[in-house]
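Enquirer: quick one: sequence and predicted model below, then my questions.
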Amino acid sequence: MLRALLVGLTLLHLGPGLAFALLAFGCDGAAPWLGAHCGGDPVGRFGRLTLAAWAVLGLAWLAWGAVRRARHRPPGGAARWQALAAVLAAGGALGGAGAWLTGAAAAWLAVPLALAVAWLALANPAACQPPRADTPRRP
């Protein structure tokens, strides 16, 4: 219960914090990094960025939970497929948010990056190697 409360409070505070940092540093200078997102109503911009940050953080948290559950399951099971779908959704949300904010197509590199991070968490190199001849087989 305490862990869920701490995760909820963390996500609740990180959304506005990320939105503030994006507006503070992305709208600075003569050619702002965020472009069109720097004009207009400041409260509306802050609200949209906060909602986008909450969506990306929420999907990333769900993906990490799916990866943690799949880590203790056998390969090829439904938990691994659910983790793959969750990681693709989180990477897609992060890439979509980056493309929406900056207009750069390079933001979509977040999808393979998310897959690489999940692979590092799920990979078991011992499962890819054939067993040694002197190792007894399990029934």
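Expert: Sure, I can see it.

Enquirer: could you point out which element follows the longest helix seen in the chain?
Expert: Of all segments of type helix in the chain, defined using DSSP state H, the longest is helix 42-70. Next in sequence after helix 42-70, counting helices and strands by DSSP states H and E, comes helix 78-102.

Enquirer: by how many degrees do the helix or strand following that next one and helix 78-102 diverge?
Expert: Per DSSP H and E, the first helix or strand lying C-terminal to helix 78-102 is helix 110-122. Using axes from the mean of the first three to the mean of the last three CA atoms, to 10 degrees, one finds that helix 110-122 and helix 78-102 are set 150 degrees apart in direction.

Enquirer: who's in contact with helix 110-122?
Expert: Helix 110-122 is contacted by residues 63, 67-68, 70-71, 80, 83-84, 87-88, 90-92, 94-95, 98 when judged by CB atoms under 8 Å, 6 or more residues apart in numbering. Using the backbone N, CA and C atoms, a C-beta is placed for each residue, glycine as well.

Enquirer: ok, 10 Å please
Expert: Defining contact as CB atoms under 10 Å, 6 or more residues apart in numbering, one finds that helix 110-122 is touched by 56, 59-60, 63-64, 66-68, 70-71, 73, 75, 80, 83-84, 86-99.
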